[in-house]
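Undergrad: Here is the input, now give the coordinates:
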Amino acid sequence: MQISRLADLADRAACPRLVVKVGSSLLVGEDGLRRCWLEGLVAEIAAARARGQDVIVVSSGSIALGAATLGLDKRGRGNLADAQAAAAVGQIALSGLWAELLGRHGLTAAQLLLTLEDLEDRRRYLNATATLTRLLDAGAVPVINENDSVATQEIRFGDNDRLAARVAQAAGASAVLLLSDVDGLYDRNPKDPQARLLPEVRGVTAEIHAMATGDSTSGLGSGGMTSKLQAAEIAELAGISLAIANGTCEAPIARVVGQGIGTLFLPRGRKAGARKAWLGGRLRLRGALVVDAGAASALARGSSLLARGVTCVEGVFERGDAIAIRDGDGRTLAHGLSEYDAVECARLIGRHSSEQAEILGYAPRSAVVHRDQMILL
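TA: The predicted structure follows:
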């Protein structure tokens, strides 16, 4: 049984494992912690566990909570040092709060703090997968946040929307529910009286991206609609559904599944294998290869990327690094693991496979990026 509507998020058969992301603006309001609201959400999570669903929580809020405790300006986001300090203080309060409220329902909370590299590096990604699997098998509720006290601008997710999608991939979840301060995706700016809420989206296209705004309305969070669409793209690669819904009301999950208010993103076609889904969902790539129209067409037919179709090399990367493959218009066609380093790729631009041994001085691999190490986007 597969997810086909928002109500299926509460169906154990259609959605045996659900990731719920909670935004900062939902946890912390102008008057501080929204404790009563969180108690209601935890009761909904407990109900999901009672009907046999695994639940993973991705919870923002550490910076907002810590900033309030330390009395920092701009809610702790004035600079990196303030944000890291606020996160260090606020994470203790945040994890303690989840543990307390879940404990009231007889549930054990488990804290995981992740950085971008924990899910970008293949070995560390598999370690995270193993930990999540064991915790869920033991009946715990993992509560996950980005490790904001050590993450820097260069090595961070930047928002928990994309983190939630990557966690869903790692955990083999059926769906992701992004609770935010909007009802879902509108066909234009929600402030426009003619704006229409889209109940269902199959595949995130350029037209869908054009409907998004990158602004976060609360001033507390770091992600807007653009980051949520990126999360939907990451989830889709693994065949995972993703829903965006308004969490500001009481019992937000009941509103989503009972009234069907939100936007449900359903994956298109057959999902990629686990390794390719991980590769396609990577947010940090070492470089890129730009290809001509002929190579782009060949990739779409399932071919490997050959050197003669490459027109430009970007970045500095080594053999085995994850890179992007783009067309001449800058559109990303695929992610793949390079068979050569950047310098070698530059020497091979436009050359036939039969010439590569003479150019490099050793027996080469025929493809620059093999199709088995590539995923089309």
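Undergrad: who does the helix or strand containing V58 touch, helix- and strand-wise?
TA: Using DSSP states H and E, V58 falls within strand 54-59. With contacts defined as 3 or more CB pairs under 8 Å, 6 or more residues apart in numbering; DSSP states H and E, the secondary structure elements packing on strand 54-59 are strand 17-22, helix 35-50, helix 80-103, helix 122-137, strand 141-146, helix 160-171. Every C-beta, even on glycine, is put in place using the N, C-alpha and C of the backbone.
Undergrad: and the spatially most central residue of the chain, how far is that from E207?
TA: For the chain, the residue sitting closest to the mean C-alpha position, by CA atoms, centre = their mean, is R162 at 2.4 Å. Note on R162: its distance to E207, by CB to CB, to the nearest Å, is 21 Å.
Undergrad: next one: L113
TA: Here L113 is placed at a distance of 37 Å from E207 (CB to CB).
Undergrad: Between those two, which is the more surrounded one?
TA: The neighbour comparison of L113 against E207 (other CB atoms under 10 Å) goes to L113, with 18 against 8.
Undergrad: before we move on, back to that, parallel or antiparallel, which strands does the strand holding V58 pair with?
TA: Here strand 54-59 is paired, per DSSP bridges, with strand 17-22 (parallel), strand 141-146 (parallel).
Undergrad: how about JSON lines for those strands, with mean pLDDT and distance to V89 added?
TA: Shown next, in JSON lines, are these (pLDDT from 0 to 100; distance: least, CB to CB, whole Å):
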{"stretch": "strand 17-22", "mean pLDDT": "97", "distance to V89": "19"}
{"stretch": "strand 141-146", "mean pLDDT": "95", "distance to V89": "13"}
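Undergrad: Can you give the distance of stretch 32-51 from its chain's centre?
TA: Stretch 32-51 has its C-alpha centroid displaced from the chain centroid by 23 Å (CA atoms, centre = their mean, to the nearest Å).
Undergrad: in that stretch, what's buried?
TA: Of the residues in stretch 32-51, those scored as buried under the neighbour-count criterion (16 or more other CB atoms under 10 Å) are 33-34, 37-38, 40-49.
Undergrad: now those in a markdown table, with pLDDT?
TA: Formatted as a markdown table, the entries for those read as follows, by pLDDT from 0 to 100:
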| residue | pLDDT |
| --- | --- |
| L33 | 84 |
| R34 | 90 |
| W37 | 94 |
| L38 | 95 |
| G40 | 96 |
| L41 | 97 |
| V42 | 98 |
| A43 | 98 |
| E44 | 98 |
| I45 | 98 |
| A46 | 98 |
| A47 | 97 |
| A48 | 97 |
| R49 | 97 |
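Undergrad: TSV please, covering the residues you listed and showing distance to D183.
TA: TSV is the format used below for these (distance: CB to CB, whole Å):
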residue	distance to D183
L33	24
R34	19
W37	17
L38	20
G40	18
L41	17
V42	22
A43	22
E44	18
I45	21
A46	25
A47	22
A48	21
R49	26
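Undergrad: which one among these gets closest to S353?
TA: Sorting those by how near they are to S353, with CB to CB, puts A48 at the top with 53.6 Å.
Undergrad: any idea how far the closest one is from P16?
TA: Distance, A48 to P16, by CB to CB: 11 Å.
Undergrad: Same question for A367.
TA: Summarising the geometry, the distance separating A367 from P16, computed by CB to CB, is 38 Å.
Undergrad: Looking at those two now, which is surrounded by more residues?
TA: Summary of the neighbour comparison: A367 and P16, criterion other CB under 10 Å, with A367 having more neighbours (20 against 15).
Undergrad: if we can go back for a sec, kindly compare burial across the helices and strands packed on strand 54-59 and name the winner.
TA: helix 160-171 (a mean of 28; mean count of other CB atoms under 10 Å).
Undergrad: Cheers, nothing more for now.
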